[in-house]
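# A structural model of the following input is requested.
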Amino acid sequence: MNISLGGLIKTYRINKRLSQFDVATAIGWNDTSRLSKIEQGRVKPTRPIVEKIMAALNLSSEERGEFLLTGGYLPSDEEITKIIKIVKEKINNWPYPAYLIDFTWRLLACNGATAKTFFIGPEMQKNLINVKPNLLEFAFLPKEILPVEISKGEDEKHCKPFPVAQIAQFKIEQIMRTNEKWYRELIKKMLTNDKFNRLWREITPELYQKTLLDYEYKIVKGNWLNKKITLQFHLLTSRVISDVRFQIVLYFPVEKNTQMFFTKNT
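Model (predicted):
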């Protein structure tokens, strides 16, 4: 997020050797004033206008994803379905928890190992694409819905309780998006939760020691098949090349017991 949407439009336009007039004409505008305001950051274009700009710039699918991510445009249901088709096999064949999220942290799809680890019922797993729960919300679910104890951090020594770590990480990753509509609506909704309301005001990113953006260490304690078990994971996150607004999160077992849990409970 080191470049604005307007700056990115200008960069693409110059790289493709197009003038403002070329782009404006392709869109169907009579002059360059509207495009100029967008490039200067004075106006944020609507999604339909963005589609016209991307078409005028003849962007590739990879460039479109970067463009839409920079502008903070949420993936449509059609775009989500398309990406799920691309990554479904990778997620479903992963022997440990794996799931698909977008840049706002909405959970869009997960595999069976994720469902078993976090007690996600079959109907909810099937309906994720419609519900799109945010990972920030998971840290504040009642025990009846999420009956596990989670902590995470840079490594085992620096793990924080799930609510603390989740808020701190969210603030780190979304620091440039606080004025976006989806962000304001999510936080407004979350602030109705008393625990979140208190922690949101108290927690700063500095409380969560993290060096790598795409890695974390996670500990999950719970009761599976009437047996108390502690699972330990390395988590790696990878963006989807064809649309970088989407990320796959892959879990790797830290030790033998965690690995055996999934071998025995498949």
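# C-alpha only now, for contacts and for neighbours.
OK.
# and the top helix by length along the chain, what does it pack onto?
Secondary structure of the chain per DSSP state H: the longest helix is helix 77-93. The helices and strands touching helix 77-93, judged by 3 or more C-alpha pairs under 8 Å, 6 or more residues apart in numbering; DSSP states H and E, are strand 98-102, strand 107-110, helix 128-131.
# Now do the strands in the chain.
98-102, 107-110, 149-153, 160-161, 215-224, 227-239, 246-253 (DSSP state E).
# So in that sheet, which strands flank the longest one, and in what orientation?
Here the strand partners of strand 227-239, with direction, are listed using DSSP bridges: strand 215-224 (antiparallel), strand 246-253 (antiparallel).
# Need the CA coordinates for it. PDB is fine.
Below are the C-alpha coordinates for strand 227-239, written out as PDB (Å, rounded to 0.1, in the frame of the first residue of the first chain):
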ATOM      1  CA  LYS A 227      -9.600 -36.200  24.900                       C
ATOM      2  CA  LYS A 228      -7.800 -33.000  25.800                       C
ATOM      3  CA  ILE A 229      -5.300 -32.200  23.100                       C
ATOM      4  CA  THR A 230      -2.900 -29.400  22.300                       C
ATOM      5  CA  LEU A 231      -2.100 -28.700  18.600                       C
ATOM      6  CA  GLN A 232       0.800 -26.600  17.500                       C
ATOM      7  CA  PHE A 233       1.200 -25.200  14.000                       C
ATOM      8  CA  HIS A 234       3.300 -23.100  11.700                       C
ATOM      9  CA  LEU A 235       1.100 -21.000   9.500                       C
ATOM     10  CA  LEU A 236       2.100 -19.700   6.100                       C
ATOM     11  CA  THR A 237       0.100 -17.300   4.000                       C
ATOM     12  CA  SER A 238       0.300 -17.100   0.200                       C
ATOM     13  CA  ARG A 239      -1.500 -14.700  -2.100                       C
END
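# Which phi and psi values does the residue of the chain positioned farthest from its centre adopt?
In the chain, Asn30 marks the outermost C-alpha relative to the chain mean, sitting 38.3 Å out by C-alpha atoms, centre = their mean. Main-chain torsions, Asn30, degrees, to the nearest 10: phi -80, psi -30.
# residues touching it, list them.
Ala24 (C-alpha atoms under 8 Å, 6 or more residues apart in numbering).
# What distance do you get for it to Ile53?
For Asn30, the distance to Ile53 equals 14 Å [C-alpha to C-alpha, to the nearest Å].
# Same check on Tyr215?
Tyr215 is 35 Å from Ile53, by C-alpha to C-alpha.
# What of Ile203?
Counting by C-alpha to C-alpha, the gap from Ile203 to Ile53 is 40 Å.
# Fine by me, thanks again.
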